[in-house]
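In: got a predicted model here, sequence first, then my questions.
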Amino acid sequence: MGKFLNTIMRNSILTQAGIVIISSTLFLGCNDKIQSTTTSGEAVQEANKEMAKAEEDLNLAIAEFQKESAALITANEERIAEIKLEIAEASMDNRSEFQEDLAEIEAKNAQLKEKLSDYKDDGTQKWDDFKEEFNRDMKALGTAFSDLTVNNTQ
């Protein structure tokens, strides 16, 4: 009977040791998941902060670009008014042609002004596309001004 009790006791101790090992493993695994969840939450908060900062930077860039572009458009309007006076005062054979060309330039400038004021923030990629197209149109308008004034002096 002594061997029988010894075997039962040994099995009982092994069973209890196994339960302790399994419980410890489960407890430590849960603790790691809690820490992992906390770390994930912190990462999400950091990502949200970075996104808010990027959005703020984009809004500042848009506002600055709009301010600079509005100043260029206003300068174009003043230049158009000056050229209109020059054309009116000059004795030219092709005055009506210059007036038509200037009217086209004036219309393009007005379109750019409207396009600039109508722009709504649609994210970085759309902003980059808008800015690239707007700058290309402004450059074309500048070239049209140059061509008109070169032709006007001939």
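Out: Thanks, I have the structure now. Numbering: from 1, shown residues only.
In: which other helices and strands contact the helix or strand that residue 103 is a member of?
Out: For residue 103, the enclosing helix or strand under DSSP states H and E is helix 95-118. The helices and strands touching helix 95-118, judged by 3 or more Cβ pairs under 8 Å, 6 or more residues apart in numbering; DSSP states H and E, are helix 2-89, helix 124-153. The C-beta positions use only the backbone N, C-alpha and C, and glycine is treated the same way.
In: and these, which one is worst for confidence?
Out: Least confident of the helices and strands packed on helix 95-118, judged by mean pLDDT, is helix 2-89 with a mean of 77.
In: chain neighbours aside, what residue packs nearest to the most centrally placed residue in the chain?
Out: With distances taken as Cα atoms, centre = their mean, residue 124 lies nearest the centre of the chain, 2.1 Å away. Computed as Cβ to Cβ, 6 or more residues apart in numbering, the closest residue to residue 124 that is not its neighbour in sequence is residue 58, at 5.9 Å.
In: how about the contacts made by that neighbour?
Out: Residue 58 is in contact with 121, 124, 127, counting by Cβ atoms under 8 Å, 6 or more residues apart in numbering.
In: does residue 122 count as helix, strand or coil?
Out: Here residue 122 is coil, with the state taken from DSSP: H, G, I helix; E, B strand; the rest coil.
In: what about the nearest residue to residue 137 once chain neighbours are set aside, neighbour count?
Out: Leaving aside its sequence neighbours, residue 137 sits nearest to residue 112 (Cβ to Cβ, 6+ apart; 5.8 Å). Using other Cβ atoms under 10 Å as the criterion, residue 112 is surrounded by 20 other residues.
In: all good on my end, thank you.
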